[in-house]
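Novice: Let's see this in three dimensions:
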Amino acid sequence: MERRRVQEFLVSSLGIGTYLGGMDDATDASYEEAIRTALNGGINFIDTSLNYRNQRSERAIGRALATWFRQGHPRSEAVVCTKAGYLVPNATPAILRAPDVAGNVHSLAPHFLEDQLERSVSNLGLDILDVFYIHNPETQLEFIGEEEFYSRMRAAFDFCERAVAGSRIRYYGVATWEAFRRGIESVSLRRLDAMAREAAGDRHHFRFIQLPFNLAMPEAFTKPVEGTHTILELAIELGISAVASASILQSRLSRGLPDQARAAIPGFRTDAQRSLQFVRSCPGVSVALVGMSNADHVRENLEVLDAPLLDPAAFRQLFS
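Specialist: Below you'll find the model as predicted:
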């Protein structure tokens, strides 16, 4: 099975996401089984957030990991990523002040991020997190100006570097939906990288971005955002790993692909597998995330990992 080097980690080209699902015990149990099936099958990149299913996704992952570690697997075999930024019911610190909150939904305040990080560490049952994302920071731009936004991001990055120094996280990043997809209106990855270098020099730990990329949303590969660079090209230049979210667009790309796409991505049983093959084969994509809330979906997706990647020329031919 393919493994690829992503920063210090060796990871699977597919990762398991935990965003959707009901907030009930049955969904929790289904996620736990899915995560165990993924880990045993070779998918070792796990993505979640404190606000996913109101902390229940993190806690389900924590229980699944505890079982897996008791079976003798080392901590280094699982790469666990979570996020903070959105206010979560019953998980918002009392010290959070009104000026620290944008639109009653989002905060970048360092003391808020510290509180959320500690909740995630507890939920997941881990001493240290592999990747800690600032979650959709572009939400702030709906309520504050650009310069204030970057000032808040710099303070957030300073906190993250302190968390690295304190052995609470290994790397940090930004997980976005719109921030890197809007051309000249996008958040500047170069500016964020410069702020990380100001905070910690060339050995800074801002090494991950997450953004949607799939057959219906190919902008990361096709749309210049800073000069002539696409966001994936820029990430490569800056030494930042790009993780693709929404690889099958919340199941909308799991069926009904056009015949041209099926012919260009041969050798798979289902359209979901073809869609995942497209994303994991994209130059510059480190990991393709897909939500997997039950073990049957995991087993279907594991088949993709046995296939060789699309040849780069064949991949580019898809855009002709």
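Novice: For the one helix or strand in the chain whose mean pLDDT sits lowest, could you pull out the residues that count as buried?
Specialist: Across the helices and strands of the chain, the lowest-confidence element by mean pLDDT, DSSP states H and E is helix 312-317, at a mean of 86. Under the neighbour-count criterion of 16 or more other Cβ atoms under 10 Å, helix 312-317 has F315 buried. (C-beta placed from N, C-alpha, C; glycine too.)
Novice: can you give me how far that helix is from the chain middle?
Specialist: Distance of helix 312-317 from the chain centroid (Cα atoms, centre = their mean, to the nearest Å) equals 25 Å.
Novice: Same question for stretch 209-220.
Specialist: 12 Å.
Novice: And it, end to end?
Specialist: 11 Å (Cα to Cα, to the nearest Å).
Novice: average pLDDT for that stretch?
Specialist: Taken as a whole, stretch 209-220 has a mean pLDDT of 96.
Novice: Would you mark the buried spots in it?
Specialist: Applying 16+ other Cβ under 10 Å to stretch 209-220 flags 209-215, 217-220 as buried.
Novice: Other residues contacting it?
Specialist: 47, 133, 173-177, 179-181, 189, 221, 230-232, 235, 240-249, 252-253, 257, 261, 275, 278-279, 282, 284-285, 288-289, 319 (Cβ atoms under 8 Å, 6 or more residues apart in numbering).
Novice: again, but for stretch 148-165
Specialist: Here stretch 148-165 has contacts from 108-110, 113-114, 117, 132, 134, 137, 140-141, 144, 169-172, 191-192, 195-196, 198-200, 204-206, using Cβ under 8 Å, 6+ apart.
Novice: if we can go back for a sec, PyMOL command to pick out the buried ones of the contacts of stretch 209-220?
Specialist: The following PyMOL line selects those of the contacts of stretch 209-220 that are buried, judged by 16+ other Cβ under 10 Å:
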select buried, resi 47+133+173+174+175+176+177+179+180+181+189+221+230+231+232+235+240+241+242+243+244+245+246+247+248+253+257+275+278+279+282+284+285+288+289
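Novice: Among the contacts of stretch 209-220, name the ones in strands.
Specialist: 47, 133, 173-175, 230, 241-245, 285, 288-289 (DSSP state E).
Novice: Please state the offset of stretch 21-38 from the chain centre?
Specialist: Averaged C-alpha coordinates place stretch 21-38 at 19 Å from its chain's average position (Cα atoms, centre = their mean).
Novice: next one: stretch 206-213
Specialist: Using Cα atoms, centre = their mean, the offset of stretch 206-213 from its chain centre is 6 Å.
Novice: just stretch 132-150 next, same as before
Specialist: Put simply, stretch 132-150 sits 17 Å off its chain's centre (Cα atoms, centre = their mean).
Novice: Cheers, nothing more for now.
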